[in-house]
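Student: Requesting a structural model of the entry that follows:
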Amino acid sequence: MTARFHCESALAADSVLVLPAGAARHVQVLRMQPGDAITLFNGLGGEYAATVERMGRSEVSVQVGAHAAIEREAPHPIQLAVGMPANERMDWLVEKATELGVAGIQPLMTAHGVLRLNSERADKKRAHWEAIAIAACEQCGRNRVPVIHPVRTFGAWLDAPLGDAARFILSLAPGTRGVADAARDLQRGAWVLSGPEGGLSAAEEQAAIAQGFAPLTLGPRVLRAETAALAALVGLAGR
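Tutor: Numbers count the residues shown, from 1 in each chain. Below is the predicted model of the structure:
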């Protein structure tokens with residue numbers, strides 16, 4: 001696989017493009033030279049072959065080639081709504097969920113969550129997570145970047161319209177349906193709600209179930225918050 005770069009600019013075959021600053025720096029760090037082949041994608045679907053044309057001190061121009069309608073998305077779009085884990089675990093979750101094909105991630109502030117963000121910090125964190133998702137797409141070959149939704153409180157998110165996707169909430173309650181069983185019946189996309197390190201509160205679980213979220217289990221073991229969300233994603237999304 002050639003080096004891949006996300007480019008928010010409009011892409012068109014048989015055109016010359018000056019790469020955005022981030023992609024240009026990456027090309028320079030890799031010590032690429034005129035004539036080297038790269039791949040460009042803008043998140044709208046498919047990818048473009050391209051060739052480095054000119055290397056300047058801070059500017060890189062490329063010749064854009066043919067578009068290939070290549071998609072590497074999961075069969076069913078799965079969105080994760082997660083009580084944000086602390087420290088760098090949310091970064092890890094975003095990176096791995098992107099590699100595994102998540103369609104979107106909704107960061108939530110929940111009753112038991114330790115990560116509390118004001119609006120300014122929330123915006124900065126979201127931009128940081130978007131950059132992680134883009135880098136993960138460049139690495140893994142995805143041509144569509146998952147949506148990183150704005151940070152919301154649990155209640156505000158649950159009250160908002162969620163569309164007609166299936167709804168699941170991870171639970172350790174006895175008799176809860178297994179993820180493999182749910183995956184066999186899944187015919188469309190789904191939301192998966194997962195708590196932070198301390199889990200969702202009883203009130204939050206009850207509120208979600210009242211809104212149509214079906215309890216789902218990953219088995220008898222207690223997984224870390226970030227591990228549980230990824231395990232559900234793999235179980236439901238298919239490969």
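
Student: what's the longest helix in the protein?
Tutor: helix 119-140 (DSSP state H).

Student: now what about that helix, what contacts it?
Tutor: The contact list for helix 119-140, computed with C-beta atoms under 8 Å, 6 or more residues apart in numbering, reads 4-6, 41, 43, 72, 90-91, 94-96, 98-99, 105, 107, 117, 142-146, 148, 150-151. Any C-beta I mention is one placed from the backbone N, CA and C, and that applies to glycine too.

Student: State the number of residues packed around Arg72.
Tutor: 12 (other C-beta atoms under 10 Å).

Student: cool, Arg121 as well?
Tutor: 12.

Student: Quickly note the distance from it to Leu93.
Tutor: 18 Å (C-beta to C-beta, to the nearest Å).

Student: what secondary structure does Ala203 sit in?
Tutor: helix (DSSP: H, G, I helix; E, B strand; the rest coil).

Student: how near is Asn42 to Glu130?
Tutor: Distance from Asn42 to Glu130, by C-beta to C-beta: 14 Å.

Student: And the contacts of helix 119-140, which of them are buried?
Tutor: Neighbour counting over the contacts of helix 119-140 (16 or more other C-beta atoms under 10 Å) leaves 4-6, 41, 43, 90, 94-96, 98-99, 105, 107, 142-146, 148, 151 as the buried ones.

Student: and the residues you listed, which of them are in strands?
Tutor: The strands, defined by DSSP state E, take in 4-6, 41, 105, 107, 148 from the buried ones among the contacts of helix 119-140.

Student: mind putting those residues in JSON lines, pLDDT included?
Tutor: Below are these laid out as JSON lines (pLDDT from 0 to 100):
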{"residue": "Arg4", "pLDDT": "97"}
{"residue": "Phe5", "pLDDT": "97"}
{"residue": "His6", "pLDDT": "96"}
{"residue": "Phe41", "pLDDT": "97"}
{"residue": "Ile105", "pLDDT": "98"}
{"residue": "Pro107", "pLDDT": "97"}
{"residue": "Ile148", "pLDDT": "98"}
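
Student: Show me which residues of the lowest-mean-pLDDT helix or strand in the chain are buried.
Tutor: In the chain, no helix or strand scores lower on mean pLDDT, DSSP states H and E than helix 179-185, which sits at a mean of 89. Residues of helix 179-185 classed as buried: 179, 182-183 (neighbour count, 16+ other C-beta under 10 Å).

Student: Out of those residues, which comes closest to Gly219?
Tutor: Closest approach to Gly219 among these (C-beta to C-beta): Val179, at 8.4 Å.

Student: picking up where we left off before, list the buried residues of the longest helix of the chain.
Tutor: 122, 125-126, 129-130, 132-138, 140.

Student: same question for that helix, mean pLDDT?
Tutor: Helix 119-140 carries an average pLDDT of 96.

Student: likewise stretch 59-79?
Tutor: 95.
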